[in-house]
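**Student:** Structure here, sequence nowhere to be found:
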């Protein structure tokens, strides 16, 4: 066997979950931890080694990949290039922003920023996300909101977008956003934990400027207006789950029965509905809703069969 079913990996965080990860998974999970970092080689900002995923043999995945990158990742790759999470919003998350690659290179010594995307697994009927400002916001206005923690004014300036199960949304680095309460989603992102928290006081935090100071941190915020036509570019279409602008960062594919063929590639599979079989030359295992599967490049081509739906998350094409 080369495919590895992974247990829940739930680092502590500051917001509340609602037990949805524990209900979703077929393996034990902590009901009061709202995130499951799947196949993670990424640590929480300033809190290493928290966030790293252990393998069943006791090694950390990060250590295993460093020791034999070609087996795990395939030719020419040295890191996984992605971080996958399950996220359970038991309350609305704070309005926040992730830096892009240029900002991260200049200020955080990282080649990766944090563009991300969400695939909604379940959502309450009134669930929403806040995504981008609906109007242009001046630098002084944004700085004043943050300094005074004027949450109502900040949120009123954002786009409030209803979401439902099955939706997929790209969230480019720089775009202010907040996931509303009542949502379970699969998130794929660049492999960092960089967040600038525009809203922090109400969550019991001292601040959220990545140790850069607010003058520098707020420079990463996209303050431009996002109208409905522009927001529509963050969705996929009938042929693909995410828009083409996601391709430099990651790939997300929806797999449905009766059969889906998978090429050889490092990836993570999250089974979101039903049950079936994942098989290849070296592997054959039963899978069902709630499974999170680590697929090394060495597994080769695979086929997923059955009355099953899954999301496959992969790094960008080389």
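**Tutor:** Ah, there it is. Small disclaimer: the values here were computed from a predicted structure and weren't measured.
**Student:** My guess is residue 19 contacts residue 30. True?
**Tutor:** No: contact criterion C-beta atoms under 8 Å: residue 19 and residue 30 do not qualify, at 9.2 Å. Placement of C-beta: from N, CA and C, glycine included.
**Student:** Mind listing the residues bridging to the closest residue in space to residue 38 that isn't next to it in sequence?
**Tutor:** Using C-beta to C-beta, 6 or more residues apart in numbering and skipping residues adjacent in sequence, the residue nearest residue 38 is residue 84, 4.3 Å away. Applying DSSP bridges to residue 84 gives these bridge partners: residue 38, residue 188.
**Student:** quick one: the helices in the protein?
**Tutor:** Under the criterion DSSP state H, the chain carries helices at the ranges 20-24, 61-67, 69-73, 101-107, 139-148, 151-156, 214-217, 228-232.
**Student:** can you list these in CSV and add mean pLDDT and distance to residue 294?
**Tutor:** Formatted as CSV, the helices of the chain follow (pLDDT from 0 to 100; distance: least, C-beta to C-beta, whole Å):
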stretch, mean pLDDT, distance to residue 294
helix 20-24, 96, 17
helix 61-67, 98, 7
helix 69-73, 98, 9
helix 101-107, 98, 25
helix 139-148, 98, 38
helix 151-156, 97, 37
helix 214-217, 98, 34
helix 228-232, 97, 33
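**Student:** So which of these is the most surrounded?
**Tutor:** Most buried of these, by mean neighbour count (mean count of other C-beta atoms under 10 Å): helix 20-24, with a mean of 20.
**Student:** For this protein, which residue occupies the most central location?
**Tutor:** Note on the chain: the residue nearest the mean C-alpha position is residue 187, at 2.6 Å, using C-alpha atoms, centre = their mean.
**Student:** Verify the stated contact: it with residue 116.
**Tutor:** Yes: counting by C-beta under 8 Å, residue 187 does reach residue 116; the two are 5.7 Å apart.
**Student:** pLDDT at residue 301, what is it?
**Tutor:** Note on residue 301: pLDDT of 98.
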